[in-house]
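A.B. asks: Predicted structure and sequence below. I'll ask about it afterward.
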Amino acid sequence: MQKTPNLNERIKEAYRELMKNRESGEASFNSLLKVSPRDGFIYFERAKAYEVIGEHDLSNKNYQKAQILFPMKKWKDIAEEGKKRTRSMLNNLEEASHDPVIPFLPQNLKDSWNMTMAALDADPSGGCMQARVLLEKMIENLLRREGIESRRFPSLVQKIDALKNSLSSSSIALMQHVRKLGNEAAHGGEIYSDHADSIRSSLIGLAKILNSKDAAT
């Protein structure tokens, strides 16, 4: 699909901007669409950006619009893949919202929990990376509960070590498992559905710790 260098760069810049600053990024895409309202590639790039920041409904709608506007079957098929992928994420998020663990989680973790559970179902590798982010938030909650200053421990490994006197060795092992698989996924390691299942089980175990203090052994 040929684009003039100037327009192509403006679209890419809008994509990058939306991921850094949603308001200005959306304004950039809207400006592009005022000039080229029938350009499927603008909708396609906006769909990709929305997908990255977790706005799967908006992403799905933009993939649909791009698919309609694309003249070539190759690009229509690529947009269709995006539609299916984001629809799957939306379905998984809906299922995750009924997770029995949710009512027992601290309020600041519920959205991240939903996103992680949905991601683990849709994409094990992406889900493992998302799980590591959730783990960091869980650990921050546990450190606060134990009266430990998080800022004293810059790395995730150090934060986990700081909880060794407060939690059981099995709880620490769950944290290390999530951390290691998250790192492996982030560095391009092979992640399979059984890894995602083990991450899910580990997170459920950690959620129980947040709900009721786990005595150290």
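C.D. replies: Sure, I can see it.
A.B. asks: okay, CA-based contacts and neighbour counts for the rest of this
C.D. replies: Noted.
A.B. asks: got a list of what the residue nearest to the spatial centre of the chain touches?
C.D. replies: Centroid-nearest residue in the chain: Q130, 4.9 Å away (criterion: C-alpha atoms, centre = their mean). Contact analysis of Q130 by C-alpha atoms under 8 Å, 6 or more residues apart in numbering lists M115, T116, A119, G182.
A.B. asks: Neighbours of the third one, how many?
C.D. replies: Going back to what we said before, that points to A119. 25 (other C-alpha atoms under 10 Å).
A.B. asks: packing partners for the host helix or strand of it?
C.D. replies: Per DSSP states H and E: A119 is located in helix 110-122. Judged by 3 or more C-alpha pairs under 8 Å, 6 or more residues apart in numbering; DSSP states H and E, helix 110-122 is in contact with helix 73-96, helix 124-145, helix 193-211.
A.B. asks: got the buried residues for the second one?
C.D. replies: Residues of helix 124-145 classed as buried under the neighbour-count rule (16 or more other C-alpha atoms under 10 Å) are 124-136, 138-143.
A.B. asks: Same check on the last one?
C.D. replies: For helix 193-211, the neighbour count (16+ other C-alpha under 10 Å) marks H195, A196, S198, I199, R200, S202, L203, L206, A207, I209, L210 as buried.
A.B. asks: State the mean pLDDT of that helix.
C.D. replies: If you average the pLDDT over helix 193-211, you get 87.
A.B. asks: can you list the residues that contact it?
C.D. replies: 101, 104-106, 117, 120-121, 124-125, 127-128, 131, 135, 138, 141-142, 171, 174-175, 177-178, 181.
A.B. asks: How far does it sit from its chain's centre?
C.D. replies: Put simply, helix 193-211 sits 16 Å off its chain's centre (C-alpha atoms, centre = their mean, to the nearest Å).
A.B. asks: Check the second one too.
C.D. replies: Here helix 124-145 shows a centroid-to-chain-centroid distance of 11 Å under the convention C-alpha atoms, centre = their mean.
A.B. asks: Check which helices and strands the helix or strand following it is in contact with.
C.D. replies: Beyond helix 124-145 in the direction of the C-terminus, DSSP H and E gives the next helix or strand as helix 156-162. When contacts are defined as 3+ C-alpha pairs under 8 Å, 6+ apart, helix 156-162 packs onto helix 124-145, helix 169-186.
A.B. asks: Now do the buried residues in the shortest one.
C.D. replies: When you say that, I think you mean helix 169-186. S171, I172, L174, M175, Q176, H177, V178, R179, L181, G182, E184, A185.
A.B. asks: how near is the spatially closest residue to the third one that is not a sequence neighbour to I53?
C.D. replies: Setting aside the residues directly before and after it, L174 is nearest to S202 in space (C-alpha to C-alpha, 6 or more residues apart in numbering), at 5.4 Å. Separation of S202 from I53 (C-alpha to C-alpha, to the nearest Å) stands at 25 Å.
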